[in-house]
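1. Provided below for reference: sequence and predicted model.
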Amino acid sequence: MKQVVITKAGGPEVLQVRESADLTPAKGQVRIDVKAAGVNFADILARQGLYLDAPPLPCTVGYEVCGVVDKVGEGVDEAWLGKDVIALTRFNGHSSQVVVQDYQVFDKPADLSYEQGAAIPVTYLTAYQLVVAMGGLQANESILIHNVGGGVGLAALDLAKHIGATTYGTSSAKKHEFLKERGLDHAIDYRNDDWGKVLQSLTNGRGVDLITDPIGGSHLRKSYKNLANTGRLGMFGISTVADAGISGKLNMVKMVFQTPFYHPFGLMNNNKGVFGVNMGHLWHEHEKIRIWMNAIMAGYDEGWVRPYVDKSFSFENAGEAHSYIELRRNIGKVILTP
């Protein structure tokens, strides 16, 4: 089988395609012939040497795949054989074969492409945890989605629109037309405008009920400031540190010192909440994840979950895929194909 390997910490050039032995599923596992795999910002940080949960280098990352079950282990229903599936995998997703526990596998709808299938798990599960499970967004409320043009951003937008909330989102101006067509009520150009001032103007100084923030560091302070009473701030990333080499390490140190501290007394007095999301630390909650994923797939059947693939790259061009995301060129999901 083929794998995209992070040979050492560094730029996109450190990615190599290598051949490895075919896999054999153990008890309770299935083997998937991978047709498409999602790329996430955690994969970028792993390559830069900034993702603490990543396996020791050299390694292969990747959390989500879509493909065909071609072998099953002991105790697994053989009805899975030959099925098109979507699956979650703890690393090793950027491979032409993966083995996963059968409870991490979901049927792929027939009208969904392999690329679209690989665009669902991480982005929509993260968005579901942020917006529904922990954010508790209601139809009479409002949400600000930072980086609304990214994979998680578009997924959060789908969820918020389905709930019936008023939606605000930050992105570069070139993405605004697309985002409005996707249903975003208010697009804010964070590059050329002070997004906080624009948001305050749009909400008559009230702020919003939920903010999703993948940036981290000092940016969290500004997000918290723009919450309305009973507002919640959902933190799910540290993209502010992204950079290869020593710059990334320095950014990490800087981010730690710039991150605000939220004291319980202050939260009580302000009637605000702060919570964090890290899907990579929920592998033991597979029953809960399955409930969320089933709700998401039901949303696809109903037509309001709309996975959007911006661009697909071959394994051999994985470095280009990483660069594409790092330069913030993507709208929605970037996919790798073996």
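-> Now that the structure is in, tell me what you want to look at.

2. Going along the chain from the lowest-mean-pLDDT helix or strand in the chain, find the next helix or strand for me.
-> Across the helices and strands of the chain, mean confidence by mean pLDDT, DSSP states H and E is lowest for helix 245-258: a mean of 65. As assigned by DSSP states H and E, the chain's next helix or strand after helix 245-258 is helix 264-270.

3. Contacts for that next one next, please.
-> Contact with helix 264-270 is made by 229, 273, 274, as judged by C-beta atoms under 8 Å, 6 or more residues apart in numbering. Glycine gets a C-beta too; all of them are placed from N, C-alpha and C.

4. hang on, isn't the last one packed against residue 224?
-> Yes - at 6.9 Å, residue 274 and residue 224 qualify as touching, with contact defined as C-beta atoms under 8 Å.

5. Look at the two and report which has more neighbours.
-> residue 224 (23 against 19; other C-beta atoms under 10 Å).

6. The more buried one belongs to a helix, doesn't it?
-> Yes - under DSSP: H, G, I helix; E, B strand; the rest coil, residue 224 falls within a helix.

7. Would you mind listing the buried residues in the longest strand along the chain?
-> Using DSSP state E to define each element, the chain has its longest strand at strand 29-39. Across strand 29-39, burial judged by 16 or more other C-beta atoms under 10 Å covers 29, 30, 31, 32, 34, 35, 36, 37, 38, 39.

8. what would these look like in a markdown table with pLDDT?
-> Listed next are these as a markdown table, based on pLDDT from 0 to 100:
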| residue | pLDDT |
| --- | --- |
| 29 | 98 |
| 30 | 98 |
| 31 | 98 |
| 32 | 98 |
| 34 | 98 |
| 35 | 98 |
| 36 | 98 |
| 37 | 98 |
| 38 | 98 |
| 39 | 98 |
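
9. got CSV for those residues, with distance to residue 16 too?
-> Below are the buried residues of strand 29-39 laid out as CSV (distance: C-beta to C-beta, whole Å):
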residue, distance to residue 16
29, 27
30, 27
31, 23
32, 22
34, 18
35, 21
36, 20
37, 16
38, 20
39, 16
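
10. which residues in the stretch 201-338 of the chain form strands?
-> Taking DSSP state E, counting those that start in this stretch as the criterion, the stretch 201-338 of the chain carries its strands at 208-213, 227-235, 273-276, 309-314, 333-337.

11. does residue 122 belong to a helix or a strand, and which?
-> Remark: residue 122 resides in helix 121-128, with elements defined by DSSP H and E.

12. Within the sheet, what are the partner strands of the next helix or strand after that helix, with directions?
-> Next in sequence after helix 121-128, counting helices and strands by DSSP H and E, comes strand 142-145. Applying DSSP bridges, strand 142-145 is found paired with strand 166-171 (parallel), strand 208-213 (parallel).

13. what pLDDT does residue 238 get?
-> What the model reports for residue 238 is a pLDDT of 77.

14. the strands in the stretch 51-200 of the chain, which residues?
-> Under DSSP E, counting those that start in this stretch, the stretch 51-200 of the chain gives strands at 64-72, 84-88, 97-101, 105-107, 142-145, 166-171, 186-189.
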